[in-house]
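>>> Got a predicted structure plus its sequence, pasted below:
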Amino acid sequence: MPELVFFSGTMDCGKSTLALQIGHNRAARGLQGVIFTRDDRAGEGKLSSRLGLVTDAVEATEGMDLYGYLVAQLSQGGKIDYVIVDEAQFLAPEQIDQLARVVDDLGLDVFAFGITTDFRTKLFPGSQRLIELADRIETLQVEALCWCGARATHNARTVGDEMVVEGAQVVVGDVNGPVEEIGYEVLCRRHHLRRVTRASAHAGALSPDVLPVNSV
C-alpha cells in the first residue's frame, strides 16, 4: 500500500542525504520520481546535502498545488512512481493535504523530509500537519550532537555569536556561514534553554574567574 512517510530530525542528522539515497536507489531500479524542495541552501530548484551531493528538484513555491502539478505531469504522459519532498517543514498545511491526496488518489508513495520545530521550539505548520496525517513517522537514526557531546534535540538560530529567540519563523541561513550572518546550530535541550551556543561556551571557558581564589 502506498504511504505518506515523514522522516524527521534536527538539522545535521542526514535528512537530505537520505532523500537523495532513496531517489538513487529507486532510479537504479528503473523507477521515476518527482522531487520537490523548498528554500534549499543550494538555491531554487535544488536538493542538496551537507556532504556536497546535489540534484535538480521542483521548487514547491508558496501557493503551488502539488497534487495538481503531478496530475498535469501524468496527464501529459509522464511516468511517476514516487514523490520525494525535502524541507517539508516549509510547506503550507494545505500542501501537506495535497501530498496525502497524492497517496490516496494517485497511489504513489510520498517520502517527506523535514525538521519538526523551529528555533523557538515551536512546530512548523507543515511539520504539524505531517504529524497529523502521515501513515508513518520515522525519526532519523543519525544523531546530531550538541557542542557538549550530548544528543542534539533543538535547532538554534544565531546572529553573530548570539542565540536569538525572536524573528520570522523562516530565514534561510547555514550552519557553516560567517558568524556575523544568520546561522543555525543544533543544541541539546539544556543548552538551548540556557542559550549557550558553541561560541558562547568557548568564550565562557576562556573568561577569568569572577571570584578570587586565595591559596592557603
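It's in. Residues are numbered from 1 along each chain as shown.
>>> for residue 73, phi and psi?
Main-chain dihedrals, residue 73, degrees, to the nearest 10: phi -60, psi -40.
>>> correct me, but it touches residue 83?
No - taking contacts as CB atoms under 8 Å, residue 73 lies outside contact range of residue 83: 10.6 Å. From N, CA and C alone the C-beta is placed, and that goes for glycine too.
>>> shared neighbours of the two, which are they?
residue 34 (CB atoms under 8 Å, 6 or more residues apart in numbering).
>>> Neighbour count: these two, which is higher?
residue 83 (23 against 14; other CB atoms under 10 Å).
>>> distance of that one from residue 39?
18 Å (CB to CB, to the nearest Å).
>>> swap in residue 79?
28 Å.
>>> I'd like the average pLDDT over the helix or strand where residue 24 lies.
Taking DSSP states H and E as the criterion, residue 24 maps to helix 15-27. For helix 15-27, mean pLDDT rounds to 90.
>>> what helices or strands is that helix leaning on?
strand 4-8, strand 33-37, strand 46-48, strand 82-85, strand 109-114 (3 or more CB pairs under 8 Å, 6 or more residues apart in numbering; DSSP states H and E).
>>> what do you get if the cut-off is 6 Å, keeping everything else the same?
strand 82-85, strand 109-114 (3 or more CB pairs under 6 Å, 6 or more residues apart in numbering; DSSP states H and E).
>>> Paired strands for the shortest one, with orientation please.
Okay, so that is strand 82-85. Using DSSP bridges, strand 82-85 pairs in its sheet with strand 33-37 (parallel), strand 109-114 (parallel).
>>> Quick one: residues in contact with it.
19, 23, 26, 33, 34, 35, 36, 108, 109, 110, 111, 112 (CB atoms under 6 Å, 6 or more residues apart in numbering).
>>> Show the average pLDDT along that strand.
For strand 82-85, the per-residue pLDDT averages 97.
>>> what's the answer for stretch 167-174, then?
For stretch 167-174, the per-residue pLDDT averages 64.
>>> what's the answer for stretch 31-48, then?
For stretch 31-48, the per-residue pLDDT averages 88.
>>> cool, stretch 96-106 as well?
Stretch 96-106 comes out at a mean pLDDT of 98.
>>> Please save the CA atoms from that stretch in PDB.
C-alpha atoms of stretch 96-106 as PDB (Å, rounded to 0.1, in the frame of the first residue of the first chain):
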ATOM      1  CA  ILE A  96       0.600  18.600   3.000                       C
ATOM      2  CA  ASP A  97      -3.100  17.800   2.500                       C
ATOM      3  CA  GLN A  98      -2.300  17.700  -1.200                       C
ATOM      4  CA  LEU A  99       0.500  15.200  -0.600                       C
ATOM      5  CA  ALA A 100      -1.900  13.000   1.300                       C
ATOM      6  CA  ARG A 101      -4.200  13.100  -1.600                       C
ATOM      7  CA  VAL A 102      -1.400  12.100  -3.900                       C
ATOM      8  CA  VAL A 103      -1.000   8.900  -1.800                       C
ATOM      9  CA  ASP A 104      -4.800   8.200  -1.600                       C
ATOM     10  CA  ASP A 105      -5.900   9.200  -5.100                       C
ATOM     11  CA  LEU A 106      -2.900   8.600  -7.200                       C
END
